[in-house]
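>>> Would you be able to build a 3D model of this:
(one chain, ligands or ions: 1)
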Amino acid sequence: MWIGVVSLFPEMFEALTRQGVTGRAVEKGRIDLEFWNPRDYATDRHRTVDDRPYGGGPGMLMKVDTLRAAIHDARSRAEIATGQRPKVIYLSPQGRRLDQRGAGELASGPPLVVVAGRYEGIDERVVEADIDEEWSIGDYVLSGGELPAMVLIDAAARLVPGVLGHQDSALEDSFNDGLLDCPHYTRPEDVEGRRVPEVLLSGHHGAIRRWRLKQSLGRTWLRRPDLLEGRTLNDEQRELLEEFIEEYAP
Ligand SMILES: Nc1nonc1C(=O)NCC1CCCCC1
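Prediction:
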């Protein structure tokens, strides 16, 4: 998957490119990550990349010409590198809320150009002219778009075929199949008297699968019942959830 990033702080993205799953994916060429910095398009002596807001008020906005030049170059590069027109995304609290389904859509869609805002944001005409979709990672205000951009890129990159070593682990992750994750255990078998559930030591893979599914359903029922609304459970799932509820509130 090809992803272009427009940011004043490209070095922040080393957290993605040099570490872990995404780092390995970049190394293996499963993910191509390229960067454009609006400051490289500044022509004045001070390399200005911000500008004052019409109508006054606190703070600055990203300067239109340097931002647009960076977006346009990233978009052109995407078309040359992939033969496809990219989807240009802007991260802001005004965007569509990112969730696992949205990450899947992004992972299976066209190449992305991700624009990370700074200061108080960007000119609305740049949103209208150059941005295809606005996305939000949650209802809170951060100091820049770089962290939200990394969250979106990480969530989508993990779903690109071949990125995860053990493809199943993406399926078993939280929010796969729309349920919360089950509890996990590793050595030692006893931690201050707290033991690993016997079923996980049994070697009975069918029983283990059912136990994990039951725990995922039960946890979702307890912590995020909204995720179960409107969801049709199959016979096995309904049976396991009923068992969990019975044991939880006999
Ligand atoms: N929440 C969010 N989800 O996606 N982005 C978010 C954000 O809080 N971004 C802050 C940025 C927004 C542009 C101007 C500089 C600050």
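
>>> Around the ligand, which positions in this protein sit nearby?
Contacts of the chain with the ligand, taken as CB under 6 Å from any ligand atom, map to 91-93, 117-118, 120-121, 136-138, 140-142, 144-145, 148. In short, each C-beta sits where N, CA and C put it, glycine included.

>>> Tell me the secondary structure at Ala156.
When classified by DSSP: H, G, I helix; E, B strand; the rest coil, Ala156 comes out as helix.

>>> What pLDDT is listed against it?
If you check Ala156, the pLDDT there is 98.

>>> in stretch 134-142, what counts as buried?
Trp135, Ser136, Ile137 (16 or more other CB atoms under 10 Å).

>>> just these now: which is nearest Leu16?
Nearest to Leu16 among those: Ile137, at 14.5 Å, using CB to CB.

>>> The closest one contacts Ile153, correct?
No. Ile137 lies out of contact with Ile153 (CB atoms under 8 Å); the separation is 11.1 Å.

>>> mind listing which of the buried residues of stretch 134-142 are in helices?
Using DSSP state H, no member of the buried residues of stretch 134-142 sits in helices.

>>> residue ranges of the strands in this structure, please?
Remark: strands assigned in the chain by DSSP state E are 2-6, 32-36, 50-51, 61-62, 87-97, 112-115, 133-136, 190-191, 194-195.

>>> For those, could you give me TSV that also reports mean pLDDT?
As requested, the strands of the chain are exported to TSV (pLDDT from 0 to 100):
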stretch	mean pLDDT
strand 2-6	98
strand 32-36	98
strand 50-51	98
strand 61-62	98
strand 87-97	98
strand 112-115	99
strand 133-136	98
strand 190-191	98
strand 194-195	98
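
>>> from the chain, which residue is nearest to the ligand?
Gly117 (3.0 Å; CB to the nearest ligand atom).

>>> what's near enough to touch that residue?
Applying CB atoms under 8 Å, 6 or more residues apart in numbering to Gly117 gives the contacts Met62, Tyr90, Leu91, Ser92, Gly144, Gly145.

>>> which residues touch Gly144?
Here Gly144 is in contact with Phe9, Ala116, Gly117, Arg118 (CB under 8 Å, 6+ apart).

>>> pretty sure the last one is in contact with Gly145, am I right?
Yes. The criterion here is CB under 8 Å, and Arg118 meets it with Gly145 at 6.9 Å.

>>> which of those two has more neighbours?
Gly145 (27 against 20; other CB atoms under 10 Å).

>>> what number of residues lie near the closest residue to that one other than its chain neighbours?
Ranked by CB to CB, 6 or more residues apart in numbering and with sequence neighbours excluded, the top spatial neighbour of Gly145 is Ala116, at 3.4 Å. Ala116 is flanked by 24 other residues according to other CB under 10 Å.

>>> wouldn't Ala116 be in contact with Leu91 here?
Yes. Using CB under 8 Å, Ala116 is in contact with Leu91, at 6.3 Å.

>>> list residues touching both of these two?
Residues touching both Ala116 and Leu91 by CB under 8 Å, 6+ apart: Gly145, Pro148, Ala149.
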